[in-house]
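**Student:** Quick one: sequence and predicted model below, then my questions.
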Amino acid sequence: MVRILSGVGGVRSGPGSEGPTNAGPTNAGPTNAGPTNAGPTNAGPTNAGPPAGQEGGPAPETVHSHAELVALLAEQFARADVSLRELQARADRAGGTRLPRATCADMLAGRRFPRKAVMVAFLRACQVPEQRLPAWERAWERVRLSRMPPAAPAAPAAPAAPAGDARHGGAKAGDAGPGGVGAGDAGPVAVPVRKRRRAPLLLVAALVTVAIASTITAVAWTSGQNTRTDDGRAFGPGGSSSFTMRIDPNGGPVRLIRRLDARVSRQRAAITLNGASAGHWEPLPDGFAGWADQHLDLPPSLTAGRGSLTVATAFVSSEWDFNEFGYTVAQQSDGTWTTTDTLDVGPAHTGAEAAHGYRVSGETFRGTRTLDAPPEADRRAAPPVRYEAEAGRVNHARVRPGAVGASQGTVVAGLDHPDSWVDLRVYAPRTGRFTAHVTYAAGYGDAQHAVTVNGSTEFTLDYLHHGWDVWRQVTASLPLTRGWNTLRLQYHNRWAELDHVEIV
Ligand SMILES: [Ca+2]
Ligand SMILES: [Ca+2]
């Protein structure tokens, strides 16, 4: 199923049109929850021991196993008496290896064997003196060696798990991906050691990897009972990705669908199509776990008549990073949705990536995840196409970002003059009457817009007063001709802001 971000709700007595004299954008800005101010406060253990490295501090010289290393790292963390968020911020300020909270949490919980650089960055952020670091590095190397596959068949030591198999606490060095939900809050707890189970699980993981690698298209799910396995990538602050997808220049609206690991919350990224701004991947509502298929209807002005789209995605904010496991482009034509192109993102699909010119920078994760499956997609019940007002042609009005509760956080405001209007290109699979749902806010009494379809004025649309930033839907019946139509919403009486229109 394709998830839609709610475009309705969010009551606020904030900025908005205050009538015809509404001047100047009281732009509150998008509600970006940046990595440094997001998420629950992680107080961490409040063990106030002596500063790291002083007498009685952890002694890495005694470490010979992963469990011992984890216990000592946890002790160090307790002594530092800071949150994972603060550690991450310190590492960011230091400018070296990044220290995402989820990675730290996984390391401290023993779910992952860290990269050496991550461990050192962690210790530095805990203010362990530089002269103590070599002892920690030697400890790390001893543990790493103990985890290598045995040279002799008799030795029962457990090898490292294969890349990215997060289920098993398997830890490929360098696999610094996001942890599970709440991973950022995971305290330094007991270390699960699962040597006995590892061998059969390894086999399963290997089979999964083979299955993925041998699949060419994006429909590369390997599924358990209620789980799916997919490979993907993620990027962090300053990072971005781009790829090119085929579309039908003569087709209808284009929908971009992204498969993501929704356990990482508050992912937001800016999208451009062939260099032109096309909106955002907005954070999913809270409560998502596992896989999600998020979709975005692309502005028709940027897709109509084109045979391909170069999609660039730039990190804006997230609890941790922005992940992408696959993209699908669906296009509506004559009432049916067709998949015009798919891109299976991930290290097991470098061929598909190359074929789409896929590039990523600022990568924070590459690997495989096994998560709860999303609800089954149902193309017959695909959500209606959403046409954002702000993506239309705006005359004598302005685009207002920072509109709380609005779809894409952006609306058209200042539709205050006789020549203030928004033109939207809307698609009809056949000639006939269609229902338009217009989402608006009116905060200065009931308002009206004149509705024009393909240059012919049809009627006035009434917007009942509910207050600014209270997004409500009003319904209208429109006569549309097969293909693209121009819908104009024009100032008529009093003042309303426009968020988006859906045609059903
Ligand atoms: Ca993938
Ligand atoms: Ca909008």
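**Tutor:** The structure has been received and is ready for your questions. Ligands and ions are numbered 1, 2, ... in the order given.

**Student:** mind checking the SS state of residue 436?
**Tutor:** Under DSSP: H, G, I helix; E, B strand; the rest coil, the three-state class of residue 436 is strand.

**Student:** who's in contact with it?
**Tutor:** If you count contacts by C-beta atoms under 8 Å, 6 or more residues apart in numbering, residue 436 has them with 426, 475, 476, 477, 478, 487, 501, 502, 503. C-beta: built from backbone N, CA, C; applies to glycine.

**Student:** so which of these is the most crowded?
**Tutor:** Of all the contacts of residue 436, residue 501 has the most neighbours under the rule other C-beta atoms under 10 Å, reaching 25 neighbours.

**Student:** That residue is in contact with residue 478, isn't it?
**Tutor:** No: counting by C-beta atoms under 8 Å, no contact exists between residue 501 and residue 478, whose distance comes to 9.7 Å.

**Student:** what do the two both touch?
**Tutor:** Contacts common to residue 501 and residue 478, judged by C-beta under 8 Å, 6+ apart, are 436, 487.

**Student:** Buried residues in stretch 347-361, which are they?
**Tutor:** Of the residues in stretch 347-361, 347, 348, 349, 352, 353, 356, 358, 360 count as buried by neighbour count, 16 or more other C-beta atoms under 10 Å.

**Student:** same deal with stretch 305-324?
**Tutor:** 306, 308-309, 311-324.

**Student:** list the helices and strands the helix or strand where residue 104 lies packs on?
**Tutor:** Element membership for residue 104, per DSSP states H and E: helix 101-109. Helix 101-109 sits against helix 66-80, helix 84-94, helix 116-125, with contacts defined as 3 or more C-beta pairs under 8 Å, 6 or more residues apart in numbering; DSSP states H and E.

**Student:** what do you get if the cut-off is 6 Å, keeping everything else the same?
**Tutor:** Counting contacts by 3 or more C-beta pairs under 6 Å, 6 or more residues apart in numbering; DSSP states H and E, helix 101-109 is packed against helix 84-94.

**Student:** quick one: average pLDDT of the helix it packs on?
**Tutor:** Averaged across helix 84-94, pLDDT comes to 89.

**Student:** okay, the angle between that helix and helix 116-125?
**Tutor:** 100 degrees (axes from the mean of the first three to the mean of the last three C-alpha atoms, to 10 degrees).

**Student:** I'd say residue 265 and residue 318 touch.
**Tutor:** No: here residue 265 does not reach residue 318: they are 7.7 Å apart, not a contact under C-beta atoms under 6 Å.

**Student:** sorry, back to before: so which of the buried residues of stretch 305-324 would count as near ligand 1 as well?
**Tutor:** Residues of those in contact with ligand 1 (C-beta under 5 Å from the ion): none.

**Student:** These in strands, which ones?
**Tutor:** 308, 309, 311, 312, 313, 314, 315, 316, 317, 322, 323, 324 (DSSP state E).

**Student:** residue ranges with poor pLDDT in the stretch 1-150 of the chain?
**Tutor:** Residue ranges of the stretch 1-150 of the chain with pLDDT under 70: 1-56, 149-150.

**Student:** Give me the local confidence score for the residue of the stretch 101-250 of the chain found nearest ligand 2.
**Tutor:** The stretch 101-250 of the chain approaches ligand 2 most closely through residue 247 (22.5 Å), counting by C-beta to the ion. With respect to pLDDT, residue 247 scores 97.

**Student:** Phi, psi for it please.
**Tutor:** When read as degrees, to the nearest 10, the backbone of residue 247 gives phi -140, psi 170.

**Student:** just to revisit the earlier point, what's the closest of the buried residues of stretch 347-361 to ligand 1?
**Tutor:** Out of those, the member with the shortest distance to ligand 1 (by C-beta to the ion) is residue 349, at 5.7 Å.

**Student:** ok so the closest one is a helix residue?
**Tutor:** Yes: residue state for residue 349 (three-state DSSP) corresponds to a helix.

**Student:** quick one: it from residue 366, how far?
**Tutor:** 11 Å (C-beta to C-beta, to the nearest Å).

**Student:** go on, residue 276?
**Tutor:** Counting by C-beta to C-beta, the gap from residue 276 to residue 366 is 29 Å.
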